[in-house]
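Asker: sequence and predicted structure are below.
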Amino acid sequence: MSSEKTFAMQASGPVKKRERLRGQALVELAILAPWIFFLFISVVDTGFCLVALIGVQNAARAAALYTSSLSVTANTTPASAACGVVRNELQALPGYSSSSNTNCSSASLQVTASQNTAQTVVTVTYQTISLIPVPGLFSGPYTITRSATFPTRSN
């Protein structure tokens, strides 16, 4: 009978310890959860910025290539031609709305283009979205400026 009592006491000892460890893991998770969430949001926000950076560079390159083959007339300026190309290229960006960027001189999108006999230069400035502004690290929307230069081609 004493062996049964000893066995019962030994069996209850590890069970209590396991329950205590389970509670400890829950407390650790509660302490670390905000940091894990912050890290996840930071990675996603950085991803949005990198996608915008690549998109703006591609838009500037496409607009410069397109406007380098145009002949400048009274109806078509390099900036208006480049604006249409840039708006088409930026439609896939998160937070970009073509209805709010009908012209290319707004606060969130600016396109400038210049063309001479030697080269065509297109500069695109785009303001990204920010998921969660964190003072000191991610303080709001970023402004990305990219330019592309192509030799002017004759028709």
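Answerer: Happy to help now that I have it. Numbering: from 1, shown residues only.
Asker: C-alpha from now on. contacts and neighbour counts both.
Answerer: Will do.
Asker: my read: residue 57 touches residue 146, true?
Answerer: Yes: look at residue 57 against residue 146 with CA atoms under 8 Å: they come within range, at 5.7 Å.
Asker: wait, a helix at residue 117?
Answerer: No: with DSSP: H, G, I helix; E, B strand; the rest coil as the criterion, residue 117 is coil rather than part of a helix.
Asker: which parts of the one helix or strand residue 147 maps to count as buried, going by neighbours?
Answerer: Using DSSP states H and E, residue 147 falls within strand 143-151. Of all the residues in strand 143-151, those buried under the rule 16 or more other CA atoms under 10 Å are 144, 145, 146, 147, 148, 149, 150, 151.
Asker: what lines up beside it in the sheet?
Answerer: strand 119-127 (antiparallel) (DSSP bridges).
Asker: for the residue nearest the centre of the chain, what is the enclosing helix or strand?
Answerer: For the chain, the residue sitting closest to the mean C-alpha position, by CA atoms, centre = their mean, is residue 48 at 1.5 Å. According to DSSP H and E, residue 48 maps onto helix 2-68.
Asker: so residue 127 bridges to which residues?
Answerer: Under the criterion DSSP bridges, residue 127 forms beta bridges with residue 143.
Asker: gap between it and residue 150?
Answerer: As judged by CA to CA, to the nearest Å, residue 127 and residue 150 stand 24 Å apart.
Asker: with residue 79 instead?
Answerer: 15 Å.
Asker: and for residue 53?
Answerer: Counting by CA to CA - residue 53 and residue 150 are separated by 20 Å.
Asker: noted, bye for now.
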